[in-house]
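>>> quick one, what's the 3D model for this:
(2 chains)
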Amino acid sequence: MSKKQKKLIAVLAVLSVIFSITPNAYAMHIMEGYLPPKYCIAWGILCIPFLVAGFLSIKKKLQDNRKNITLLAMAGAFIFVISSLKIPSVTGSCSHMTGTGLGAILFGFSTVSILGIIVLLFQAILLAHGGLTTLGANTFSMAIAGPLLSYGIYKLCKKLKVNRMVSIFLAAFLGDIFTYSVTSFQLALSYPSTEGGVMASVGKFLGVFAPTQLPLAVLEGILTVLIIMALENYAQPELKAINFIKEGE
Amino acid sequence: MKKSKKTVIILILIAVLIAMIPLFALKGAEFGGSDDAGSVMIDQITGGYQPWFTPVLETLIHGELPGEVESLFFCLQTGIGVGIIAFIMGRFVERKRWTAGKADKA
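Presented below is the predicted three-dimensional model:
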């Protein structure tokens, strides 16, 4: 089994590198300068409490157990990889996944806000994807709203005793979709249509993003399930330390 | 164990298919970014929109980031991520084998 699993990781690693070289590199965040200043500031302020909560929760988790840092790094790295892969989609344009579901499921949503903003900063500064002025809005959609929903879905499924892998898939899948719905809403709020106002704009932006994102969200769900399967197989002590699985399970 | 192995293989196959099928199904499609489509939509709604801020890096180098350099940065991002995941998973896998071996001896 361990040989097979190692092969799996190797294959995944090779695949991710291959995908990262696909041409037409674009990321789906709100682009630099595309949000009016007052919205930039408003979304930024809205993020602050989540970021502070995230910072404190990371600090606490590391105080509880220094070893938690391995899984934390893993969740961060997963976002790094996943959000750098631009996958061609059925609509003929490329988009990428968020990867925030894993962190939200393992650590709760507030922790992910910190992990997410690191990735967004990296992309905004080096890649001109997303942007410093739109950082607040992008952080809110990708690092707060999406993970929040993922976390909620996962908890709900746990309560309803849904199969664990199914609930992980659903959490990551819906979190991804929700991230892009929030992005559409953010854009629509700043650019209401002359006819029909904000809601008409929401429809227009969703029409652009949703069909592209749907297959990718499925992909994100699958990848998240795969990585959690690998972790459950090899990282039992760490998962127990963060109370992801209970003793004796 | 056997069953989970099968699930893993099937899941990977589905994942690869989802990523590859559009490439072959939509021959000649441009596969531009969907945020580009987003900006086009903004132009449509507002009737021509000028971004009020250009990315810092583009201001610094007076122009758009060359495509090749851009893919370099994207690879860098993927590389950092894959590196960390591979390193940690490698440790986990070896640890499991090592502790299992010790338990056998004892």
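>>> following the helix or strand bottoming out on mean pLDDT in chain A, which helix or strand comes up?
When each helix and strand of chain A is scored by mean pLDDT, DSSP states H and E, helix A:2-20 comes last, with a mean of 68. Downstream of helix A:2-20, the next assigned helix or strand under DSSP states H and E is helix A:37-64.
>>> after that following helix, next one along is what?
helix A:68-82.
>>> ok, and what's touching that next one?
The contact list for helix A:68-82 (C-beta atoms under 8 Å, 6 or more residues apart in numbering or on different chains) reads A:16, A:58, A:61-62, A:96-100, A:102-103, A:106-107, A:111-112, A:115-116, A:118-119, A:122, A:220, A:223-224, A:227, A:231, A:235, A:238-239, A:241-242, B:77-78, B:80-85, B:88, B:91. Quick note: C-beta positions are derived from backbone N, CA and C, even for glycine.
>>> buried residues, it. List them.
A:68, A:70-72, A:74-82 (16 or more other C-beta atoms under 10 Å in any protein chain shown).
>>> tell me the mean pLDDT for it?
What helix A:68-82 shows for mean pLDDT is 92.
>>> now it against helix A:37-64, angle please.
140 degrees (axes from the mean of the first three to the mean of the last three C-alpha atoms, to 10 degrees).
>>> where are the low-confidence patches of the chain?
Assuming you mean chain A. Regions of chain A meeting the criterion pLDDT under 70 cover residues A:1, A:14-28, A:247-249.
>>> try again with chain B
In the predicted model, chain B carries pLDDT under 70 at residues B:1-2, B:28-37, B:47-48, B:103-106.
>>> could you rerun that using 90?
B:1-8, B:15-77, B:96-106 (pLDDT under 90).
>>> break it down into its domains, please.
As recorded under automatic domain parsing, the domains making up chain B are B:1-52, B:57-106.
>>> of all those, which lies closest to A:V52?
domain B:57-106 (25.4 Å; C-beta to C-beta).
>>> pull the longest helix from chain A.
helix A:197-234 (DSSP state H).
>>> now do the buried residues in that one.
Within helix A:197-234, the residues scored as buried using 16+ other C-beta under 10 Å are A:201-202, A:204-206, A:208-210, A:212-234.
>>> what helix or strand is the residue nearest in space to the middle of chain B located in?
With distances taken as C-alpha atoms, centre = their mean, B:T78 lies nearest the centre of chain B, 6.5 Å away. In the assignment (DSSP H and E), B:T78 maps to helix B:67-105.
>>> ok, back up a step: among the contacts of helix A:68-82, which ones are buried?
The neighbour-count test (16+ other C-beta under 10 Å) applied to the contacts of helix A:68-82 identifies A:16, A:58, A:61, A:96-100, A:102-103, A:106-107, A:111-112, A:115-116, A:119, A:122, A:220, A:223-224, A:227, A:231, A:235, A:238-239, A:241-242, B:77-78, B:80-82, B:84-85, B:88 as buried.
>>> just want the most central residue of chain A.
What sits nearest the mean C-alpha location of chain A, by C-alpha atoms, centre = their mean, is A:T100, with 2.5 Å.
>>> ok, now which ones touch that residue?
Residues near A:T100 by C-beta under 8 Å, 6+ apart: A:I79, A:V112, A:L115, A:G116, A:M142, A:A143, A:G146, A:P147, A:S150, A:G175, A:T179.
>>> how about TSV for those residues, with secondary structure added?
Output for these, formatted as TSV (DSSP: H, G, I helix; E, B strand; the rest coil):
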residue	secondary structure
A:I79	helix
A:V112	helix
A:L115	helix
A:G116	helix
A:M142	helix
A:A143	helix
A:G146	helix
A:P147	helix
A:S150	helix
A:G175	helix
A:T179	helix
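>>> with the residues you listed in mind, which one is nearest to chain B?
For these, the residue nearest chain B by C-beta to the nearest C-beta is A:I79; the value is 7.5 Å.
>>> now that closest one: closest residue in space that isn't a chain neighbour?
Excluding its sequence neighbours, the residue lying closest to A:I79 (C-beta to C-beta, 6 or more residues apart in numbering or on different chains) is A:G99, at 4.0 Å.
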